[in-house]
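Chemist: give me coordinates for this.
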Amino acid sequence: MSNHQTQLSLLQDDIRSRYDTLSKRLKQVARYMLDNSNSVAFDTVVSIAEHVQVPPSTLIRFANAFGFSGFNEMKQVYRQHLMDETVSYTERARLFREDPANGPEKPSEILNMFSMVNVQALQQLSAQIKPEALDNAVALLSKAETIYVVGLRRSFSVACYLTYALRHLERRAFLIDGLGGMFTEQLSMVSPKDVVIAISYSPYAQEGVELVELGAKQGARQIAITDSQVSPLAAFSDVCFVVREAQVDGFRSQIASMCLAQTLVMSLALNGAGMATVQGPEVG
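Modeler: Presented below is the predicted three-dimensional model:
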């Protein structure tokens, strides 16, 4: 790990540890700083303030609170970290979009852009997911009597795949889809022997958060797949995976989340939970 990477890691650790002590507005800034390192590095103070929905002076107060003389000084930690990366697909795509002469118009150009930012997201996934978190998640799943999967709205496709793949491993897996508004009824039988996999991204579906709380009250073990270290899902999870998905002009991908889901399923299979089934053409 380079010195610049160490500086950013230390700063982010400091922000996480002090998050609960911050004011409401400073918490808004903290969430953005933890989850949007590329934007912090290259966007203007005014632009960041607009995204966070706070006045620019709040960004300065935030930087001061963490020992910086100004927000631009804090930005330099993020910028230098990003500059140290060998290839920044996200930044290349950002510049590509901002250049009127090269803006993507043809389907092939749009495909090229999405490919670049998704490569970046997958590189970050393998670098940021800790091996012990994967080991712990697979251990929980292997011991679970029943696995309940919660994923609403944008995360529904990932939840569907997980349920489908777990069933191919002959595991008792149930998708909580809230058919007929029966969210709590579908999770009413959850017990401490079970695992709840919850998938949710900002803005977090309220029904999903309530189901996670219900699972926690019933003593079930929980695995969260989310997009922020201060996501409401994180507080209730035994294992929390923070996934940074690629985003292009408001369209957010699910490539990284799907890759993580497949990793969990394949790892479970290789740990003796239905290897013969997972090798079939249907699961992949």
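Chemist: going by C-alpha atoms from here, please, whenever you check contacts or count neighbours.
Modeler: Will do.
Chemist: distance check, residue 72 against residue 52.
Modeler: 16 Å (Cα to Cα, to the nearest Å).
Chemist: so which of the two has more stuff around it?
Modeler: In terms of neighbours (other Cα atoms under 10 Å), residue 52 is the more surrounded of residue 72 and residue 52; the figures are 21 against 18.
Chemist: tell me the contacts of residue 255?
Modeler: For residue 255, the contact set (Cα atoms under 8 Å, 6 or more residues apart in numbering) comprises 118, 122, 245-246.
Chemist: of those residues, which is the most crowded?
Modeler: For those, neighbours were counted by other Cα under 10 Å; the highest total belongs to residue 118, with 24 neighbours.
Chemist: so that one is in contact with residue 246, correct?
Modeler: Yes. Residue 118 is within contact range of residue 246, at 5.4 Å (criterion: Cα atoms under 8 Å).
Chemist: and for those two, which residues touch both?
Modeler: With Cα under 8 Å, 6+ apart, residue 118 and residue 246 have common neighbours 253, 255.
Chemist: if we can go back for a sec, just the contacts of residue 255: which has the poorest pLDDT?
Modeler: Across the contacts of residue 255, the bottom pLDDT score, 77, is held by residue 246.
Chemist: torsion angles phi and psi at that residue?
Modeler: phi -70, psi 150 (degrees, to the nearest 10).
Chemist: against residue 255, how distant is it?
Modeler: 8 Å.
Chemist: which neighbours do those two have in common?
Modeler: With Cα under 8 Å, 6+ apart as the test, residue 246 and residue 255 both reach residue 118.
Chemist: how's this protein carved up into domains?
Modeler: The chain breaks down by automatic domain parsing into domains covering 3-84, 89-128, 131-278.
Chemist: the helix or strand hosting residue 57 - contacts with which helices or strands?
Modeler: Assigned by DSSP states H and E, residue 57 falls within helix 56-65. Contacts defined by 3 or more Cα pairs under 8 Å, 6 or more residues apart in numbering; DSSP states H and E place helix 56-65 against helix 24-35, helix 45-52, helix 71-84.
Chemist: out of those, nearest to residue 210?
Modeler: Closest approach to residue 210 among the helices and strands packed on helix 56-65 (Cα to Cα): helix 24-35, 21.1 Å.
Chemist: bridging residues for residue 150?
Modeler: Counting by DSSP bridges, residue 150 is bridged to residue 176, residue 198.
Chemist: surely it touches residue 198?
Modeler: Yes. Assessed by Cα under 8 Å, residue 150 is found in contact with residue 198 at 4.7 Å.
Chemist: these two - which one has more neighbours?
Modeler: residue 150 (30 against 26).
Chemist: might you report the residue contacts of that one?
Modeler: Residue 150 touches 156, 159, 175-177, 196-199, 208, 211, counting by Cα under 8 Å, 6+ apart.
Chemist: pull the contacting residues for the closest residue to residue 254 other than its chain neighbours.
Modeler: Nearest non-adjacent residue to residue 254, counting by Cα to Cα, 6 or more residues apart in numbering: residue 245, 6.3 Å away. By Cα under 8 Å, 6+ apart, the contact set of residue 245 is 118, 121, 227, 252-257.
Chemist: any quick PyMOL command for the buried ones out of those residues?
Modeler: In PyMOL syntax, the buried subset of the contacts of residue 245 is picked out as below (16 or more other Cα atoms under 10 Å):
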select buried, resi 118+121+227+253+254+255+256+257
